[in-house]
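J.: okay, predicted coordinates and the sequence, questions at the end:
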Amino acid sequence: MSDGWVDVARTSDIPPGCAARVEIDETPVAIFNVDGTFYALDDTCSHAEASLSEGDLDLDRCVIECPLHGSSFDLRTGEPLSLPAVEPVRVHRIETTEGGLIRVALAAACKRNNPGGNDLANDLIRVPEAVNVVDCLVVGVRHQLNVCRFKHCIADERNYRGHGSPH
């Protein structure tokens, strides 16, 4: 796409209070639905290799908590709100269409304080015309999106077996 936007899901695929993980040009992106407003962040915590889309979503504060060490990130800014994370995660542009599609445009790479000298500043990420959506197992059913497994967004509570537990 020449404008940088990629269709990643339908709004109905990610219910309010839930998250999904998609990949755009090999970049994992977490999509969050906070009462009908969608947010897109890098899916990998800036502190450790953990998927933010699998964390606890705080709807009142518009915050995601990393499932590994508990760092919290503001969904609007990507800024860390608690330790151990001190670096922000990238926030991507996101929009919904009248037809109910969710579209994402990746942000440019962030400048990081990297003592190893591999500075990512001003590197642009190319967005392909097609998106690779990750297959996963959620509530015993194969889905195209990794919709969160938390009690507050499971339609069939009988299949809930605990936060982050595989089935």
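T.: On my side now, so go ahead. Just so you know, these numbers come straight off a predicted model, no measurement behind them.

J.: so for H92, what's the nearest residue that isn't a sequence neighbour?
T.: Of all residues not flanking H92 in the chain, A40 sits nearest, at 4.0 Å (C-beta to C-beta, 6 or more residues apart in numbering). Just so you know, the C-beta spots here come from the backbone N, C-alpha and C atoms, and that holds for glycine as well.

J.: show me the contacts for that neighbour.
T.: 29-32, 91-94, 104 (C-beta atoms under 8 Å, 6 or more residues apart in numbering).

J.: and if we set it to 10 Å?
T.: 8, 20, 22, 24, 29-32, 75, 78, 90-95, 102-107 (C-beta atoms under 10 Å, 6 or more residues apart in numbering).

J.: out of those, which are buried?
T.: 8, 20, 22, 24, 29-32, 75, 78, 90-92, 94, 102-107 (16 or more other C-beta atoms under 10 Å).

J.: now, the residues you listed that are in strands?
T.: 8, 20, 22, 24, 29-32, 91-92, 94, 102-105 (DSSP state E).

J.: and these, which is closest to I14?
T.: A20 (4.8 Å; C-beta to C-beta).

J.: thought the closest one was touching V8?
T.: Yes - judged on C-beta atoms under 10 Å, A20 makes contact with V8 at a distance of 8.2 Å.
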